[in-house]
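Novice: One predicted model, sequence on top.
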Amino acid sequence: MLFRSLELIDFVHINGPGLQNAAAVVPAVNTNYLFRSSANGYGSINALVLYGCNGETGGGILVDRGGNNAYLHMSFTGCTVGVRATGYGTQVVIGICQFISCYYGMIVDTYGVAVISSVVSTGTLGTTFVSNGGMLDIDAFTLIGDGIGIAFYADNYGMLEIHDGKVTGFGTGVSIYNGGVVRLELVRISESDAYDVFFGNTYCALKTNASEFATSKIYNPGSPILGQYRDPVDNILKNSGSLDLIAGADSWFGFSRMTSAQQSTMTSGWAISQQGRSWFNTTKHKFTFWDGYHVRYIVPSQVVTVAKEGADYTSIKSAIDSITDASTSKPYKIGRAHV
């Protein structure tokens with residue numbers, strides 16, 4: 001089916017197969033979708049606007065049983081489901097799309113494959129994107145929630161590739177269950193009411209690159225998180241492998257700065273799990289770190305030299321006797337003077 005600049009308004013509770021493009025579609029099949037492409041059928045729609053396609057189990061577009069479809073300039077408002085791609089061999093490509101107050105924006109399941117780019121979604125009532133045993137690739141998006149619903153959901157070994165966008169104000173940003181795999185790249189999740197990321201069980205996986213979970217809420221019973229991400233609990237950048245931080249020529253890399261009083265407040269309750277954290281103490285003017293048990297200061301050793309001539313002292317004993325204020329924060333080193 002090929003439509004250009006088609007606008008359909010006020011379709012409510014559409015029943016029956018609707019407008020279908022299919023080879024060998026059984027006429028009695030009730031899909032509750034307005035458009036359907038099935039059984040290796042091919043569909044292309046340009047500039048489609050749908051309002052209120054809210055059948056109980058259907059919605060706007062169904063692509064199943066090996067359908068292969070491409071859509072451009074799509075808008076779905078008040079739909080139960082905007083687009084569903086389901087079944088072996090089913091492929092859908094969508095460019096420039098918006099979902100407004102839909103219960104599900106897009107569902108990809110049962111080995112369906114979909115690619116969608118340039119997406120805006122607002123007012124999601126349920127879940128914007130679902131991969132339930134399918135594969136969904138999403139690029140360049142802005143998803144704005146109303147404090148409820150889920151932005152991305154992966155279940156039953158479904159895969160989500162999510163690139164370059166932001167998720168704001170959902171109940172949960174990303175939910176992963178039952179072998180689901182999610183990859184985030186250049187994604188920021190913020191203002192989540194419940195969780196930025198929720199793992200339903202331990203056999204899921206999340207891989208991230210340069211992404212941020214700003215709400216500071218992750219539920220994870222033990223699933224692997226691979227790659228670089230900002231950990232919301234400790235607000236630190238974690239990496240599963242080596243990580244180089246390189247500044248350009250004539251540039252600098254800075255650590256956080258604080259007074260001794262601020263340092264005491266910060267380290268209250270710290271233990272071995274915080275070992276290695278570092279900062280600069282502005283009261284003592286020293287670079288500082290937590291060794292797992294105590295605050296430690298990195299300071300140059302006080303050097304006292306010994307030699308027959310040209311040194312501070314001529315004997316080791318006299319050099320030791322001269323030191324009266326040595327401490328863990330002010331160590332001394334006795335060495336041989338090179339003259």
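Specialist: That came through fine.
Novice: Just the helices from the stretch 151-300 of the chain, written as ranges.
Specialist: Taking DSSP state H, counting those that start in this stretch, the helices of the stretch 151-300 of the chain run over residues 260-267.
Novice: where does it have low pLDDT?
Specialist: Applying pLDDT under 70 to the stretch 151-300 of the chain flags the ranges 202, 215-216, 222-249, 251, 253, 299-300.
Novice: If we use 80, what do you get?
Specialist: Within the stretch 151-300 of the chain, the segments meeting pLDDT under 80 span 201-203, 210, 213-254, 297-300.
Novice: So which residues of the stretch 51-200 of the chain form strands?
Specialist: Assigned strands in the stretch 51-200 of the chain, in chain order: 59-64, 68-77, 81-86, 91-100, 104-109, 113-122, 127-132, 135-144, 150-155, 159-168, 172-176, 181-190, 195-199 (criterion: DSSP state E, counting those that start in this stretch).
Novice: Contacts only, for Gly276.
Specialist: Neighbouring residues of Gly276 by Cβ atoms under 8 Å, 6 or more residues apart in numbering: 289-290, 292. Where C-beta positions appear, they are placed from N, C-alpha and C, glycine not excepted.
Novice: can you rerun that using 10 Å?
Specialist: 289-292 (Cβ atoms under 10 Å, 6 or more residues apart in numbering).
Novice: before we move on, what about Ala154?
Specialist: 108, 129-136, 160, 162, 174-182, 200, 204-206.
Novice: before we move on, back to that, among the contacts of Gly276, name the ones in strands.
Specialist: Using DSSP state E, the subset of those located in strands is 289-290.
Novice: any chance of the contacts of Gly276 in CSV, with distance to Ser264 and neighbour count too?
Specialist: Listed next are those as CSV, based on distance: Cβ to Cβ, whole Å; neighbours: other Cβ atoms under 10 Å:
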residue, distance to Ser264, neighbour count
Phe289, 15, 16
Trp290, 12, 20
Asp291, 16, 12
Gly292, 17, 14
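Novice: Val81: which of the contacts of Gly276 is nearest?
Specialist: Checking the contacts of Gly276 against Val81 by Cβ to Cβ gives Trp290 as the nearest, at 51.2 Å.
Novice: Could you check how far the residue lying closest to that closest one once chain neighbours are set aside is from Ala271?
Specialist: Excluding its sequence neighbours, the residue lying closest to Trp290 (Cβ to Cβ, 6 or more residues apart in numbering) is Arg277, at 4.8 Å. To Ala271, Arg277 is 12 Å away according to Cβ to Cβ, to the nearest Å.
Novice: Which neighbours do these two have in common?
Specialist: Common neighbours of Arg277 and Ala271 (Cβ under 10 Å, 6+ apart) are 290, 292.
Novice: what about those two, which has more around it?
Specialist: Arg277 (18 against 9; other Cβ atoms under 10 Å).
Novice: ok, back up a step: select only the buried ones of the contacts of Ala154 in ChimeraX?
Specialist: Provided next is the ChimeraX selection string for whichever of the contacts of Ala154 are buried by 16 or more other Cβ atoms under 10 Å:
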select :108,129,130,131,132,133,134,135,136,160,162,174,175,176,177,179,180,181,182,200,204,205,206
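Novice: hang on, the residue nearest to Trp290 packs against Phe289?
Specialist: Yes. Taking contacts as Cβ atoms under 10 Å, Arg277 lies within contact range of Phe289: 6.6 Å.
Novice: between the two, what contacts are shared?
Specialist: In terms of Cβ under 10 Å, 6+ apart, Arg277 and Phe289 are both contacted by the residues Val295.
Novice: so who does Tyr157 touch?
Specialist: Contacts of Tyr157 by Cβ under 10 Å, 6+ apart are 111, 131-135, 177-181, 203-204.
Novice: Look up phi and psi at it.
Specialist: phi 70, psi 20 (degrees, to the nearest 10).
Novice: again with Ile316
Specialist: Dihedral angles for Ile316 - degrees, to the nearest 10 - are phi -70, psi -40.
Novice: what's the closest non-adjacent residue to it?
Specialist: Val306 (5.5 Å).
Novice: what sits opposite that neighbour in the beta ladder?
Specialist: Beta bridges link Val306 to Tyr313, Arg336, judged by DSSP bridges.
Novice: ok, it - contacts?
Specialist: Contacts of Val306 (Cβ under 10 Å, 6+ apart): 312-320, 334-337.
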